[in-house]
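Engineer: Structure for this input, please:
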Amino acid sequence: MPSPTLKAVTLTHIRYTKGDRLGHFLAWISLIPIFISFGGFVSLFIFRRELQGMFFALGLLISQFVNEFIKSSVKQARPATCALLEMCDSHGWPSSHAQYMFFFAMYFTLIRVRKGRINSGGTNWFFELLAWGCALLTMYSRVYLGYHTVAQVFAGAFLGMFLAASWFWVVNWVLIDYFPVIEESAFGRWLYVKDTTHIADVMKFEYDNARAARKHLVDKSN
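Structural biologist: Prediction:
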């Protein structure tokens, strides 16, 4: 009886050449989408419950389904190094890692621009530059580690940016009209779902209100 063919879970199945420090670093860079999904958006839902964040995550999820559909339709092979990586049974065009990260960077930047948070002083550019830097590093890591060709990662990057811009338009020009309805629904009130799109600086708003609430509590106790 022949032995069954085994297949690895590719979610964190990242390989690099032993002793290659750059490869080791880039292998961790390739895991950034996992950190964003489970560390970022799960935490965002648990502690923030913001509709913009929820639809941001939904857009990323939809983009991954689009990516898998395109991959299964085009069926372009990965580079020859896929044999060493045990990845030849999956397709490479477009790169899902590049698509994910460029979707994230584009959508995140568009949110910041819409809120008017970017100014000429340059300090507000830090998080945008960090997002784009991580996207570029992730794209480079997929080629360096042998998982994709240059064409495959560029295809993923452009597709991610296109889908992010399209989804941003859908959310902020179509679906946003329904945010108050979701916020005031039984579901919204039960989970404390909120919309902060209209608040220019959410962090300052919450900081000021937290201080005011504490001051009110102290005044009341006195």
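Engineer: any residues touching the helix or strand harbouring residue 127, and which ones?
Structural biologist: For residue 127, the element it lies in under DSSP states H and E is helix 126-144. By Cβ atoms under 8 Å, 6 or more residues apart in numbering, the residues outside helix 126-144 that reach it are 22-23, 26-27, 29-30, 32-33, 95, 97-98, 101-102, 104-105, 108-109, 112, 118, 148-150, 152-154, 156-157. Quick note: C-beta positions are derived from backbone N, CA and C, even for glycine.
Engineer: Show residues contacting the lowest-mean-pLDDT helix or strand in the chain.
Structural biologist: Least confident element among the helices and strands of the chain, by mean pLDDT, DSSP states H and E: helix 82-85 (a mean of 70). Helix 82-85 is touched from outside by 15, 78, 88, 92, 145-147, with contacts defined as Cβ under 8 Å, 6+ apart.
Engineer: now these: which count as buried?
Structural biologist: By neighbour count, with 16 or more other Cβ atoms under 10 Å, the contacts of helix 82-85 hold 15, 78, 92, 145-147 as buried.
Engineer: for this protein, which spans come out with low pLDDT?
Structural biologist: Within the chain, the stretches with pLDDT under 70 are 1-13, 85-86, 88-89, 116-124, 222.
Engineer: So which elements touch the helix or strand hosting residue 61?
Structural biologist: Assigned by DSSP H and E, residue 61 falls within helix 51-74. Taking 3 or more Cβ pairs under 8 Å, 6 or more residues apart in numbering; DSSP states H and E as contact, the helices and strands that helix 51-74 lies on are helix 42-47, helix 96-114, helix 150-173, helix 179-184.
Engineer: Now do the longest one against helix 126-144, angle only.
Structural biologist: Same thing as helix 150-173. Put simply, helix 150-173 runs at 150 degrees to helix 126-144, going by axes from the mean of the first three to the mean of the last three Cα atoms, to 10 degrees.
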